[in-house]
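Novice: Generate coordinates for the sequence data below:
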Amino acid sequence: MRMVIAAVGRLRQGPEAKLVADYLERHAKAGRALGLPPVTLAEVEDKCGGGMAAEAALLSKVIPEGAALVVLDERGQMLSSPELASRIAGWRDQARDVAFVIGGADGIDPMLRDRADLAISFGRMVWPHMLVRVMLTEQIYRATTILAGSPYHRE
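Specialist: The predicted model follows:
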């Protein structure tokens, strides 16, 4: 199993990058005993200005073949943290790769979004894609702690 976050844009040094690195490191340590691999962050950038279609083509190149495709989209389902943990456990148990996709400023090209196995939302508000990386990595770490029975998550 591989876990990838495929995102448009480069995360620059700063508080967001530090948080993303921290949550990914925490997940890697906690997930090892659960059979969860470290998460790879694959960043793509369309330097030619081709818009969402060009971004989708670049994203498609970093998504593992046959991976469960999860797009972050404000029109997606709002899952609870335990529900996300259950999904991740299911992909792990199927030995299926999973790719979480974060689009650019204009979102995710409809052709890529329509291929998704799951669209999830962090609420009806639109979030800056750099903050979505922080929120997603924290939720992946939280899901890992839920699966491990850790007290990090409280209901």
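
Novice: so what's the backbone phi/psi at the most centrally placed residue in the chain?
Specialist: Closest residue to the average C-alpha location of the chain: residue 100 at 3.3 Å, with CA atoms, centre = their mean. Per-residue torsions, residue 100: phi -100, psi 130 (degrees, to the nearest 10).

Novice: just residue 78 next, same as before
Specialist: The phi/psi pair for residue 78 (degrees, to the nearest 10) is phi -100, psi 100.

Novice: do you know how far residue 8 is from residue 142?
Specialist: For residue 8, the distance to residue 142 equals 24 Å [CB to CB, to the nearest Å]. (Each C-beta comes from the backbone N, C-alpha and C, glycine too.)

Novice: for the chain, what's the longest strand?
Specialist: Secondary structure of the chain per DSSP state E: the longest strand is strand 68-77.

Novice: Who are the packing partners of it?
Specialist: strand 98-102, helix 110-114, strand 118-120 (3 or more CB pairs under 8 Å, 6 or more residues apart in numbering; DSSP states H and E).
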